[in-house]
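Chemist: Whatever this is, show me its structure:
(chains A and B)
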Amino acid sequence: MGGVYFLRGRAEKRPKEGLNISNPEVVWVRLKSEALLANADSPYLALIPYTDQLQLKLKGAVVWEINYAGVNRDSAEWEELLERLTDRGKHWVKRARAVYSFTSTGKIPDSVLTVIARALNTNPEVLQREIPRRFRVWWEGRLITDFVTDVKGSSRSTLKNAWVALHTFAQRFRGGTFMEFNIQPDEAITLYRIIRPNTPLLIAPEEQK
Amino acid sequence: MGVKRFYLVVPLLGVVGLILYPFTSELPWGIKVYPPLSVSGVADSIPLPPSDPKQLSREIKSLQKQLKSSQPTGLYIVIDTHSNYLYLRKADQVLLKAVCSTGYGGELVDTATGRKWVFKTPPGLYRINSKLKDPWWRKPDWAFIEEGESIPQDESERYDPNMLGEYALGFGKGYFIHGTLYTRLLGVAVSHGCVRVGREDLEFIFQKVNLGTPVYVF
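Modeler: Okay, here's the model as predicted:
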């Protein structure tokens, strides 16, 4: 199911300003942000804390959605989460900064695909898709998301994995939000392939109607 | 004594630096990092909201209307060329998730004429514009060139009654959702741009979908 984990840090020490998500100016910025994304040709992600869902959307239409274990909406953590995700209501779109795959299935040689590739005059690797078992995305504003599948995979570099894990651990002391999503292997293939430089993640706190 | 101290201090500083690095940098060293689009992303390109409350309210309503109109109201098809899945769904319900084959992305050049084809399922928003039962495939020129055969002069030599399966749904620019003889390859991007699906899934889609149904390809 995955979930939301706060990386405790300086963010908690800042004075609380409070975020009114129904403030007309905040609503305007959020709607304008989504309208820009819905007009674009490439897919985008929409995080909806209200329904604890992550959606993949294209031109305003939902492609697929996954649920995660969110935070209680009556708790102080809920407000904290929204404030962190939206930079206190100023930015409703976060861009991907970096992606790292911890483990993946790799490309398995397939004799049938080799024959097909020969017929198509192409490299068999082009026809194969590796499935990332776990990959991490760093978004603007200290949001880190992990996407996890239940396929078996092998580690690309144990040392590098440890380094990245250590780095994320250290981010606890700087404030930040860590979210984990359990997804299907085919969803992982899609996400890993579409999350590219500046892929947008829209924060949509209200129920999507 | 000074040299000894130097050899002691430099590695020590290195170790301290290594320990402190994860605490100081937002992104780990050694992974590919994308440069930011701007200081704080797309929000920078958004102008400030109108200061007049009435104007603000009008624009909010207009934006809500615009977003609502961009969302499909009934059934729609999504074709994911990355994982080779076709979804038949409504906004809040998935009716079918079918494994499919989309364009493999390769190129073919006719050395005789210099004509070039790219076998890709083009991303974008389309609509179902034809529904055909027992369709025949009219083999285009590339199908012969790819096989190393000469292009027939006789039009009747182009037709193949078996290749497309029992149904075909056109969604523009000559692209179709149709059946396949090569069911073993469903899930792999091996087509020339059309979307191949299995027999039962194709029948289900054909029965559910009407002309005009939106098709989202990405």
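Chemist: which stretches of chain A have low pLDDT?
Modeler: Within chain A, the stretches with pLDDT under 70 are A:1-19, A:107-112, A:120, A:125-126, A:128, A:206-209.
Chemist: Tell me the residue in it that is farthest from the middle.
Modeler: Centroid-distance maximum for chain A: A:Ala119 at 37.7 Å, with CA atoms, centre = their mean.
Chemist: Need the single longest strand in the chain, by residues.
Modeler: The chain I'm using is chain A. As assigned by DSSP state E, the longest strand anywhere in chain A is strand A:93-104.
Chemist: actually it's chain B I care about, not the one you picked
Modeler: strand B:93-101.
Chemist: Just give the strands next to that strand in its sheet, each with its orientation.
Modeler: Strand B:93-101 pairs in its sheet with strand B:85-90 (antiparallel), strand B:195-197 (antiparallel), by DSSP bridges.
Chemist: one step back: so after the longest strand of chain A, what's the next helix or strand?
Modeler: The helix or strand immediately downstream of strand A:93-104 is helix A:111-119, counting by DSSP states H and E.
Chemist: buried sites along that next one?
Modeler: Neighbour counts over helix A:111-119 (16 or more other CB atoms under 10 Å in any protein chain shown) mark A:Leu113, A:Ile116, A:Ala117 as buried. Just so you know, the C-beta spots here come from the backbone N, C-alpha and C atoms, and that holds for glycine as well.
Chemist: likewise stretch B:186-197?
Modeler: Neighbour-count burial for stretch B:186-197 flags B:Leu186, B:Val188, B:Ala189, B:Val190, B:Ser191, B:His192, B:Gly193, B:Cys194, B:Val195, B:Arg196, B:Val197 (criterion: 16+ other CB under 10 Å).
Chemist: Same question for stretch B:47-64.
Modeler: Of all the residues in stretch B:47-64, those buried under the rule 16+ other CB under 10 Å are B:Pro49, B:Pro50, B:Leu56, B:Glu59, B:Ile60, B:Leu63.
Chemist: Throw the residues you listed into TSV and include secondary structure and pLDDT, thanks.
Modeler: As requested, the buried residues of stretch B:47-64 are arranged in TSV below (DSSP: H, G, I helix; E, B strand; the rest coil; pLDDT from 0 to 100):
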residue	secondary structure	pLDDT
B:Pro49	coil	85
B:Pro50	coil	88
B:Leu56	helix	93
B:Glu59	helix	94
B:Ile60	helix	94
B:Leu63	helix	94
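Chemist: Between which two of the residues you listed is the distance greatest?
Modeler: Within the buried residues of stretch B:47-64, B:Pro50 and B:Leu63 form the most distant pair, 11.7 Å apart (CB to CB).
Chemist: List the residues that are in contact with both of these two.
Modeler: Counting by CB atoms under 8 Å, 6 or more residues apart in numbering or on different chains, the contacts common to B:Pro50 and B:Leu63 are A:Trp28.
Chemist: Format the strands paired with strand B:93-101 as TSV; extra columns: mean pLDDT.
Modeler: Putting these into TSV (pLDDT from 0 to 100) gives the following:
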stretch	mean pLDDT
strand B:85-90	96
strand B:195-197	97
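Chemist: now these in JSON lines, with distance to A:Arg88?
Modeler: Shown next, in JSON lines, are the strands paired with strand B:93-101 (distance: least, CB to CB, whole Å):
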{"stretch": "strand B:85-90", "distance to A:Arg88": "35"}
{"stretch": "strand B:195-197", "distance to A:Arg88": "44"}
